[in-house]
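Novice: Dropping the sequence and predicted coords here.
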Amino acid sequence: MQSALAQPALQARRREVSSFAASISALPTRIATLAVESLIAEASLTPKPGLVDSRGPGAHADLDIALMHRSARSLFPCFREMARAVTGMTPSRQVREKLAAIGRDGEAAMFAATGGVNTHKGGIWSLGLLTAGAVMSSRPGDAVEIASIAGSIARHSDSRMPSDATNGSRVVERYGVPGARGEAQDGFPHVVGVGLPALRQARSRGVGETFARLDALLSIMAKLDDTCLLHRGGPKALDTAKSGAAEILRLGGTSTQAGLDALDQLDIDLLELNASPGGSGDLFAATLFLDSLNQLSSGLPVDLDQNGDFSQWKS
Ligand SMILES: CC(C)(COP(=O)(O)OP(=O)(O)OC[C@H]1O[C@@H](n2cnc3c(N)ncnc32)[C@H](O)[C@@H]1O)[C@@H](O)C(=O)NCCC(=O)NCCS
Ligand SMILES: Nc1ncnc2c1ncn2[C@@H]1O[C@H](COP(=O)(O)OP(=O)(O)OP(=O)(O)O)[C@@H](O)[C@H]1O
C-alpha cells in the first residue's frame, strides 16, 4: 500500500508521463504543419524566376498561387500520416513501402484538390522523406542527420512502385542526371550542403528574410540538375537557369539592385523558354522545413510566413 508521503511524488510522475505522451502524440501534427507551411512559404516567396509566385503563374499556365496554397494544405494529412507511421521505427524496406503508399495517397489528394494538376509531386517526395527523417532522428533539429536518415529510407526499394515512365525518369535516363530520386538517396546534398548554408550566410549578412530566402533558392538553382528544367527545355534551359542564378549571386545577390535586375532578366529568359525550376522550388521548401525544425528544437520562434510585400521595396 502507498504511504501518504509517496502520493505527491507519484502524482508528479504521472503528470510527467502524461505530458511526455502528449508531446510524443503532438509531434506528427507539429512536423506536418511545418512541412505544409514550408510549401506555402516557398510558393509565396516573390519574385522567383519561372516559378509560381504571388505575381502570377510563371512558366506554368495551369497553376496559380491560390492553387499552390490549396494543394499544400491538402497534404497535411499525408505528412501527418507519414510522421505517425514511422514513429519508433528505423529505416527499412517496410518503412519505405509504407511511406510510398501514403505518398501515393497524398498525390491522389493533391490531384483531387487541384483538379488534376501537378502542383507538389516533388514536394511530397522530398518533404515526405524528410518528415520521416525528422521523426526518426535522435537529434531533433539536426539537419544533416535528418537528411541522412531520409536518404537511408530512399535507398530501400519499393516493390509497388509503378513502372510507367515519368517526365523525370525520361530525362534522368536521357541526360544521366540523378533526379529527385538520386537527390534523396544521396541525403539531400543540395539542401544540407547548399540551400541551408546559403540561407544562414545571407541572414548573417543582415539582408532581410525575403532576400535571404531568394538567395538560398538561387544557390540551389545555380548547382542543381533540375529535371523539371531538362524536361521542359533541355540542356539550354538548365544552363540558362544555372548560369543566370550564379550571375545574380556574383553580383551580390537579390539585396543589390544589380542582382535584382539580373533576376528580372533570368525570369524573362526562363519564361521565353517556357521553363521553370520546380525541383529547386521543392528543395528550397525542404531547406525552409529543416531550418524551421532547427529553430523549433533550439527553442526559437518559428515564423515561416515572413515574406514581406516585396513590390513596396523594389525601386
Ligand atoms: C521518386 C518520385 C519523385 C518520382 O520521380 P520521377 O523521377 O519519376 O520524377 P517526376 O517527374 O515524376 O517528379 C519529380 C519531381 O521532383 C522534383 N525534382 C526535379 N529535379 C529534382 C532534383 N534534382 N532533386 C529533387 N527534386 C527534383 C520536381 O518537382 C519534379 O517534378 C516520386 O514522385 C515517387 O516515386 N512517388 C511515388 C510515391 C512515393 O514514393 N512517395 C513518397 C514517399 S516518401
Ligand atoms: N513555386 C512553384 N511553382 C511551380 N512548380 C513548383 C513550385 N515549387 C515546386 N514546384 C514543383 O514543380 C513541379 C511541377 O513541374 P511541372 O509543371 O514541370 O510538372 P510536370 O507535371 O512534370 O510537367 P508538365 O506540366 O510540363 O507536363 C511540381 O512537382 C512541384 O513539386
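Specialist: Happy to help now that I have it. Ligands and ions are numbered 1, 2, ... in the order given.
Novice: make it CA atoms for all contacts and neighbour counts henceforth
Specialist: Fine.
Novice: Skipping its backbone neighbours, what lies nearest the residue in the stretch 201-315 of the chain positioned nearest to ligand 2 in space?
Specialist: Nearest to ligand 2, among the residues of the stretch 201-315 of the chain, is residue 278, at 3.3 Å (CA to the nearest ligand atom). Sequence neighbours aside, residue 228 is the residue nearest to residue 278 in space, at 5.7 Å (criterion: CA to CA, 6 or more residues apart in numbering).
Novice: Tell me how many other residues surround that neighbour.
Specialist: 23 (other CA atoms under 10 Å).
Novice: The residue of the stretch 201-315 of the chain closest to ligand 2: what's it in contact with?
Specialist: 51, 122, 226, 228, 229 (CA atoms under 8 Å, 6 or more residues apart in numbering).
Novice: What's the separation between the residue nearest to residue 278 and residue 43?
Specialist: 16 Å (CA to CA, to the nearest Å).
Novice: who in the chain is up against ligand 2?
Specialist: 43, 51-53, 118-123, 167, 228, 232, 278-279, 281-282 (CA under 6 Å from any ligand atom).
Novice: Quick one: buried ones out of the residues you listed?
Specialist: 43, 51-53, 119-123, 228, 232, 278-279, 281-282 (16 or more other CA atoms under 10 Å).
Novice: which regions of the stretch 1-150 of the chain lie under the pLDDT threshold?
Specialist: 1-6, 15-25 (pLDDT under 70).
Novice: Contact residues of it facing ligand 1?
Specialist: Close to ligand 1, as judged by CA under 6 Å from any ligand atom, the stretch 1-150 of the chain has residues 99, 100, 103, 104, 121, 122, 124, 125, 128, 129.
Novice: Can you say which of those residues are buried?
Specialist: Applying 16+ other CA under 10 Å to those flags 99, 100, 103, 104, 121, 122, 124, 125, 128, 129 as buried.
Novice: now the second one, what's its secondary structure?
Specialist: I take that to be residue 100. Counting by DSSP: H, G, I helix; E, B strand; the rest coil, the backbone at residue 100 sits in helix.
Novice: Correct me if wrong: it contacts residue 158.
Specialist: Yes - using CA atoms under 8 Å, residue 100 is in contact with residue 158, at 7.2 Å.
Novice: what's the span of stretch 154-166 from first residue to last?
Specialist: End-to-end for stretch 154-166, by CA to CA: 18 Å.
Novice: So which bits of it are buried?
Specialist: For stretch 154-166, by 16+ other CA under 10 Å, it's 154, 155, 156, 158.
Novice: can you list those residues in a markdown table and add pLDDT and distance to residue 180?
Specialist: Formatted as a markdown table, the buried residues of stretch 154-166 follow (pLDDT from 0 to 100; distance: CA to CA, whole Å):
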| residue | pLDDT | distance to residue 180 |
| --- | --- | --- |
| 154 | 98 | 10 |
| 155 | 98 | 12 |
| 156 | 98 | 15 |
| 158 | 93 | 15 |
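Novice: Export these to a markdown table and append columns for secondary structure and distance to ligand 1.
Specialist: Output for those, formatted as a markdown table (DSSP: H, G, I helix; E, B strand; the rest coil; distance: CA to the nearest ligand atom, whole Å):
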| residue | secondary structure | distance to ligand 1 |
| --- | --- | --- |
| 154 | helix | 7 |
| 155 | coil | 11 |
| 156 | coil | 11 |
| 158 | coil | 8 |
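Novice: Can you name the residues of the stretch 151-300 of the chain that neighbour ligand 1?
Specialist: 166-169, 179-181, 183, 224-228, 278-279, 282.
Novice: for those residues, which one is nearest residue 80?
Specialist: If you rank these by distance to residue 80 using CA to CA, residue 282 comes first, at 18.5 Å.
Novice: which ones are touching the closest one?
Specialist: 39, 42, 120, 122, 123, 126.
Novice: Closest one of those to ligand 1?
Specialist: The closest of the contacts of residue 282, once distances to ligand 1 are taken by CA to the nearest ligand atom, is residue 122, at 3.6 Å.
Novice: Now do the phi/psi pair for residue 56.
Specialist: phi 170, psi -160 (degrees, to the nearest 10).
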